[in-house]
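Undergrad: make a model of this:
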Amino acid sequence: MNPRLAAWGERFFYAPSLFQRLLAYALWPLGALYCFIMFRRFQNSVPRKQGLPVISIGNLTVGGSGKTPLTVALAQRHKHPAVVLRGYGRQSSGLQVVADGTSVLCDVACSGDEAMLYALQLPHAVVIVSEDREAGIAKAKAMGCESVFLDDGYGKHFIAKYDIVIEVTPANGFCLPAGPFRERLWPGKKARLVREGEDFTRRVTIRDAAAKMVLVTAIARPERLEPFLPDVVARETFPDHYFFTRDELAAILEKYGADALLVTYKDYVKIRHFDLPLALMELRLELDDALVAGVEHYIRTYDENKD
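TA: This next block holds a predicted model:
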């Protein structure tokens with residue numbers, strides 16, 4: 001996607017100008033129709049057991065909310081877990097086993113950036129990308145996994161799971177295409193709503209910090225990094241999941257006379273072999289005990305509740 005168009009879309013959803021607010025109201029009938037269709041889709045879905053506990057970490061809006069670090073923080077507490085995700089931005093299709101719990105089996109072009117992040121930060125986990133999430137879960141079960149963490153799975157109402165939903169409160173509260181909401185907390189839908197600052201807290205440290213750093217990132221809503229940024233000489237943002245080239249990053253270093261590129265782990269997995277000076281924003285989540293206990297209770301009692 002064009003970087004300017006992507007930035008315009010994020011402002012439209014999360015920090016709309018007066019013109020964008022008027023546009024949102026003009027599109028409201030389409031948003032209401034979309035919302036009705038998604039509600040009927042939920043009503044007509046019958047959740048199917050998958051034969052092992054599935055924990056979904058999702059949100060209701062498009063764009064980033066912290067699903068990936070929350071999934072890492074929860075999955076690292078369990079033996080033989082799997083992470084199943086769609087694999088947005090990857091240059092492959094179909095089901096791909098990215099990591100088998102001992103080794104990484106493909107490169108980042110095949111896996112996509114988020115799946116590679118999971119493979120490197122959860123070396124004991126099976127990581128699978130698949131557009132068909134049930135096929136990914138079945139593969140994880142066949143590989144001996146004891147639980148599955150489903151990244152961005154709230155809308156998969158046909159899968160029986162423990163739903164964790166990260167609350168996001170954008171300025172634009174409409175449904176697509178008038179606003180960022182792709183789902184709602186539907187009546188009758190059981191989900192645990194979590195809030196940053198209450199159920200989890202971010203801690204960021206900078207590895208290999210340099211005197212002059214330029215922030216380069218390709219994540220959704222990069223303004224979320226602002227509270228954790230050290231002094232930087234410039235900020236260069238790209239569309240979510242963007243694949244950098246070495247030449248464009250080298251040109252950014254030269255343009256600003258920077259000593260290093262400051263990147264997130266999601267960016268790092270795509271450029272770690274470029275032999276360029278990198279400083280890494282390392283993110284760690286501290287979880288509320290009740291959130292952890294809720295997941296552990298669901299996994300521990302899964303067999304008791306199985307049909």
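
Undergrad: and the helices in the protein?
TA: Taking DSSP state H, the helices of the chain run over residues 3-14, 18-43, 67-75, 108-111, 113-121, 133-142, 246-256, 265-271, 289-300, 302-305.

Undergrad: pick the most buried one from these.
TA: Each of the helices of the chain was scored by mean neighbour count; the highest is helix 113-121, a mean of 25, by mean count of other CB atoms under 10 Å. Every C-beta, even on glycine, is put in place using the N, C-alpha and C of the backbone.

Undergrad: picking that back up, ok, which of the helices of the chain comes nearest residue 206?
TA: Put simply, out of these the one that sits nearest residue 206 is helix 265-271, at 12.1 Å, with distance taken as CB to CB.

Undergrad: what's that closest one packed up against?
TA: Applying 3 or more CB pairs under 8 Å, 6 or more residues apart in numbering; DSSP states H and E, one finds that helix 265-271 contacts helix 113-121, strand 278-287.

Undergrad: how close does residue 170 get to residue 296?
TA: Between residue 170 and residue 296 the distance, using CB to CB, to the nearest Å, works out to 32 Å.

Undergrad: cool, residue 180 as well?
TA: Distance, residue 180 to residue 296, by CB to CB: 32 Å.

Undergrad: what of residue 243?
TA: Distance of residue 243 to residue 296, computed by CB to CB: 37 Å.

Undergrad: what bridges to residue 84?
TA: The partner list for residue 84 in beta bridges (DSSP bridges) reads residue 128, residue 150.

Undergrad: so it makes contact with residue 133?
TA: Yes - because the distance of 6.0 Å satisfies CB atoms under 8 Å, residue 84 is recorded as touching residue 133.

Undergrad: residues contacting residue 180?
TA: By CB atoms under 8 Å, 6 or more residues apart in numbering, the contact list for residue 180 reads 13, 14, 61, 62, 63, 168, 170, 172, 174.

Undergrad: got the contact list for the spatially closest residue to the second one that is not a sequence neighbour?
TA: By the measure of CB to CB, 6 or more residues apart in numbering, the closest residue to residue 14 outside its immediate chain neighbours is residue 170, 4.8 Å from it. Applying CB under 8 Å, 6+ apart, we find residue 170 in contact with 13, 14, 61, 179, 180.

Undergrad: quick one, phi/psi of residue 170?
TA: For residue 170, the backbone dihedrals (degrees, to the nearest 10) come out as phi -70, psi 160.

Undergrad: from residue 146, how far out is it?
TA: Computed with CB to CB, the distance linking residue 170 and residue 146 is 36 Å.

Undergrad: what's the local residue count around the nearest residue to residue 299 once chain neighbours are set aside?
TA: Excluding its sequence neighbours, the residue lying closest to residue 299 (CB to CB, 6+ apart) is residue 53, at 4.6 Å. Around residue 53 there are 24 other residues, counting by other CB atoms under 10 Å.

Undergrad: I figured residue 53 hits residue 301, correct?
TA: No - assessed by CB under 8 Å, residue 53 is found out of contact with residue 301, at 9.0 Å.

Undergrad: let me know the pLDDT of the residue sitting furthest away from the middle of the chain.
TA: With CA atoms, centre = their mean as the measure, the chain has its most outlying C-alpha, relative to the mean C-alpha position, at residue 257: 32.1 Å. At residue 257 the predicted local confidence, pLDDT, stands at 97.

Undergrad: ditto for residue 305
TA: Per-residue pLDDT puts residue 305 at 67.

Undergrad: ok so, going back, contact partners for the residue farthest from the centre of the chain?
TA: Contacts for residue 257 were tallied using CB under 8 Å, 6+ apart; they are 212, 233.

Undergrad: same check, this time on residue 158
TA: When contacts are counted by CB under 8 Å, 6+ apart, residue 158 is found next to 45, 46, 47, 48, 134.

Undergrad: state the distance from it to residue 45.
TA: From residue 158 over to residue 45 (counting by CB to CB), the distance is 5 Å.
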